[in-house]
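Q: Turn this into a model:
(2 chains)
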Amino acid sequence: MMKKARLLATAMLAATAFGAAAQTGPVKIAGIMELSGSGATPGTNFNNGVKLAVKEINAAGGILGRQIDYQPVDDQTNPGVAKALAQKAVDDGAYVVLGPVHSGATLVAMSETQRGEVTNIIGAEAASITQAGDPYMFRSSFTQLTAMPKVARYIKDTVKAKTVAVMFTNNDYGKGGRDAVVKAFDALGIKVVADIPTDPLQVDFSAAVLKAKQSGADALFLYTLEEESARALRELRKQGWDKPIIGETTAVSQKTIELAGDAANGMVGHVGLTVDAPEPRIKDFGQKFFNEYKYKSEHNGMKGYISMYVVKAMTEKIGKFDSKALAAAMHGATISADKNPGVLMDIGFDKNGDIERESFLIKVDQGKQVVIDTLPGTVK
Amino acid sequence: MTDFLQLFLSGLATGSIYAVAALGFTLLWQASGTINFAQGDFVMLPAFMMLGFASFGLPLLVAFALTCVVSVLFLGWGFKRAIADPLLRFGMMPVIVATIGLAIAMRAGIRAGVSAEAQPFPSLFADRLFHVGGVTVTLADVGTLAIALLLVFGTQAFLSRTVTGRAMQAVAQNTDSATVLGINVPRMIFYTFAINALLACAAALLVTPTYLAKFDMGESLGMKAFFAAIIGGFTNSRGALLGGLIVGVAENLAAAYVSPAYKDAVALVIFMLVIMFKPEGLLGRKAERKV
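A: Next up, the predicted model:
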């Protein structure tokens, strides 16, 4: 009898100790990242941004006294793989899942984090993601439905184009953006005279550019991924396209500029994030990222970095590591950059998990992004 | 009409890139009976080698020359000793499987060791445009086509008009007879692999400014090159050129006049048609075998 009682007491003590260790040990944060495939550029950059933030946060003592155990895995830009990795992350007890960045992978994997009631901050931009009613899904960048009206307004008011050719990548990301921008054009009376789908990893853009030229459009709206944007810009230059080219985020990203070279000069685009923004915290981040990785961050690096600091800020606000409570707190939340410098700019989340903050119009000049206008956000 | 010509000329430029990679396939098959499914990655690796040498401040052509030396050593001699020599005695299938594995390993190595992102690559040609009758071509397009033609006909001439080339062909046709005739068989086989490595370096120099240096750039290139080699004729170097040009032009025209969605299927459709109706390829010859 005594022996049994002693055994029971020992077991209870061990369980308590284990539970206490779990509460003070590292907190698992899973990263589902495109580290190969067509999404390797955005995924790698997002991951690098997260890693930089994790390094800083852990060096400063972690979140609520606990170190972050960040575990990124490669979803190969494959939605099926992303889903399996999301399931594993949930089963492994991740507090938060960061990523994917690829819209197609996100749309498939999000059901797992929703099932597991785990907060998921993504880098993807397809509009449909936050329209699915998933209460655990949050963006780190604008939804296309937020960004595209800003682009359309610029094309109407500044470029003064009456007709536009739309060239887009034929995947969830590109089609979502195309639908959102066409809707925005319709609202402003701009006619889409050419609708030109292209493939992910497409190499030859001669046929696509020819279609744009044949359309007689006043301007071209380019919504393709970084590598494809670079090739498209080179082909546009080669075929003598001399009308305005306007892009959104990826088409005017730092990576695109690096790959396109001189062909990117003159392009104008709307970006949610740029390290060339005239904001001290952003410039400071840009320098830190460069020091760490020896190359200039593009917007995905910023998204990853901000995502990690959002987790820190909101976890400290709720005072515990409860993913469900975190998600509930994030809806309708605003995070001040003055109090949480890691988020770089004031951020707000709405009831759908969409993000709101100021954004920028940039022009590519001599291989650099030059901010030509700052568009205010609605964060109060 | 100018639109058609624009597409046709752009397609020729793209197709000449496929042709150079396809030439490696046909050469290895003709001279050593090897099919190398890592051929696309044999183009990828020299691209990164050139970037590596260039990062030390070396001019592009010097980096290319050094890459050729290293490629002959590793992609030529190393590939022969490590993969072809031990496995060929067991038949074709082990070699094929091994080259598929090699391709995966090479991609993973570059992705993990260098970067998963695309890297810009300097062009051999100056950034110049030519406008001819409403059609625009770049110096790179013209140069790539010219070099591809030079490589194909040069390789063909080497194999058929030089003593060494004929010795290499003799080895490919009958190794035992070649040995009896006093031909240094191992050396001839090595020359085959070395030439393949050099062709891969040339392809990398021409292709990478457009494809961009990325760990998986060889995947689709290798597949298209394989189709091009089959379409043109696996037993004929000029077939590699014809096959590559057909694939490049057909893809472009299909994207413009049918749908961009079917672009990648074009090579496969042509490949299947050729396999069904002329399996030896458009310029290939039927090979007979006594049973």
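
Q: which stretches of the stretch 1-150 of chain A form strands?
A: Using DSSP state E, counting those that start in this stretch, the strands found in the stretch 1-150 of chain A span residues A:27-33, A:68-74, A:96-98, A:119-122, A:137-139.

Q: Determine the set of other helices and strands touching the fourth one.
A: This points to strand A:119-122. When contacts are defined as 3 or more C-beta pairs under 8 Å, 6 or more residues apart in numbering or on different chains; DSSP states H and E, strand A:119-122 sits against strand A:96-98, helix A:103-115, strand A:137-139, helix A:299-318, helix A:323-330. Heads up, the C-betas are built off the backbone N, CA and C, glycines and all.

Q: Mind listing what's buried along the last one?
A: Buried residues in helix A:323-330, counted by 16 or more other C-beta atoms under 10 Å in any protein chain shown: A:323, A:326-327, A:329-330.

Q: before we move on, back to that, adding mean pLDDT as columns, could you present the strands of the stretch 1-150 of chain A in a markdown table?
A: Formatted as a markdown table, the strands of the stretch 1-150 of chain A follow (pLDDT from 0 to 100):
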| stretch | mean pLDDT |
| --- | --- |
| strand A:27-33 | 96 |
| strand A:68-74 | 96 |
| strand A:96-98 | 97 |
| strand A:119-122 | 97 |
| strand A:137-139 | 95 |
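
Q: In JSON lines, list the ones you listed along with mean neighbour count.
A: Putting these into JSON lines (neighbours: other C-beta atoms under 10 Å in any protein chain shown) gives the following:
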{"stretch": "strand A:27-33", "mean neighbour count": "26"}
{"stretch": "strand A:68-74", "mean neighbour count": "20"}
{"stretch": "strand A:96-98", "mean neighbour count": "29"}
{"stretch": "strand A:119-122", "mean neighbour count": "30"}
{"stretch": "strand A:137-139", "mean neighbour count": "25"}
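
Q: got those strands as a markdown table, with distance to B:L23 columns?
A: Listed next are those as a markdown table, based on distance: least, C-beta to C-beta, whole Å:
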| stretch | distance to B:L23 |
| --- | --- |
| strand A:27-33 | 38 |
| strand A:68-74 | 34 |
| strand A:96-98 | 46 |
| strand A:119-122 | 45 |
| strand A:137-139 | 48 |
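
Q: that older thread, return the most buried member of the helices and strands packed on strand A:119-122.
A: With neighbours taken as mean count of other C-beta atoms under 10 Å in any protein chain shown, the helices and strands packed on strand A:119-122 reach their highest mean count in strand A:96-98, at a mean of 29.

Q: rewinding a little: among the helices and strands packed on strand A:119-122, which is nearest chain B?
A: Of all the helices and strands packed on strand A:119-122, helix A:299-318 sits nearest to chain B, with 10.6 Å by C-beta to the nearest C-beta.

Q: just how off-centre is the closest one within its chain?
A: Computed by C-alpha atoms, centre = their mean, to the nearest Å, the chain-centroid distance of helix A:299-318 equals 12 Å.

Q: cool, stretch B:130-142 as well?
A: 25 Å.

Q: how about the residues of the stretch 151-291 of chain B near chain A?
A: Within the stretch 151-291 of chain B, the positions adjacent to chain A are B:210-212, B:214-216, B:220, B:251-253, B:255-256, B:260-261, B:263-264 by C-beta under 8 Å from any C-beta of the partner chain.

Q: Buried ones only from those residues, please, as a ChimeraX command.
A: Applying 16+ other C-beta under 10 Å to those, the buried members can be selected in ChimeraX as follows:
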select /B:210,211,212,214,215,216,220,251,252,253,255,256,260,263,264
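
Q: Could you double-check that A:V182 sits in contact with A:A194?
A: No. With contact defined as C-beta atoms under 8 Å, A:V182 does not count as touching A:A194 (11.6 Å).

Q: Give me the local confidence score for the residue in the stretch 251-380 of chain A that chain B sits nearest to.
A: Among residues of the stretch 251-380 of chain A, the one nearest chain B by C-beta to the nearest C-beta turns out to be A:L259. It sits 5.2 Å away. As predicted, A:L259 sits at a pLDDT of 91.

Q: Can you show me the helices along the chain?
A: In the absence of a named chain, this looks at chain A. A:2-24, A:40-59, A:79-91, A:103-115, A:144-154, A:172-188, A:206-215, A:226-238, A:254-260, A:280-293, A:299-318, A:323-330 (DSSP state H).

Q: should've been chain B
A: Taking DSSP H as the test, the helices found in chain B are B:2-32, B:39-54, B:60-71, B:79, B:85-88, B:92-113, B:139-161, B:163-173, B:175-180, B:185-211, B:217-232, B:237-257, B:263-277.

Q: Identify whichever of those lies nearest to A:A337.
A: Nearest of these to A:A337, taken as C-beta to C-beta: helix B:92-113 at 35.2 Å.

Q: need the contact list for the residue nearest to B:A254 when sequence neighbours are not counted.
A: Closest residue in space to B:A254, ignoring its immediate chain neighbours: B:V266 at 4.6 Å, by C-beta to C-beta, 6 or more residues apart in numbering or on different chains. Going by C-beta atoms under 8 Å, 6 or more residues apart in numbering or on different chains, B:V266 touches B:247, B:250-251, B:254.

Q: mind putting those residues in CSV, distance to B:D127 and pLDDT included?
A: Putting the contacts of B:V266 into CSV (distance: C-beta to C-beta, whole Å; pLDDT from 0 to 100) gives the following:
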residue, distance to B:D127, pLDDT
B:V247, 26, 91
B:A250, 28, 91
B:E251, 24, 88
B:A254, 29, 87
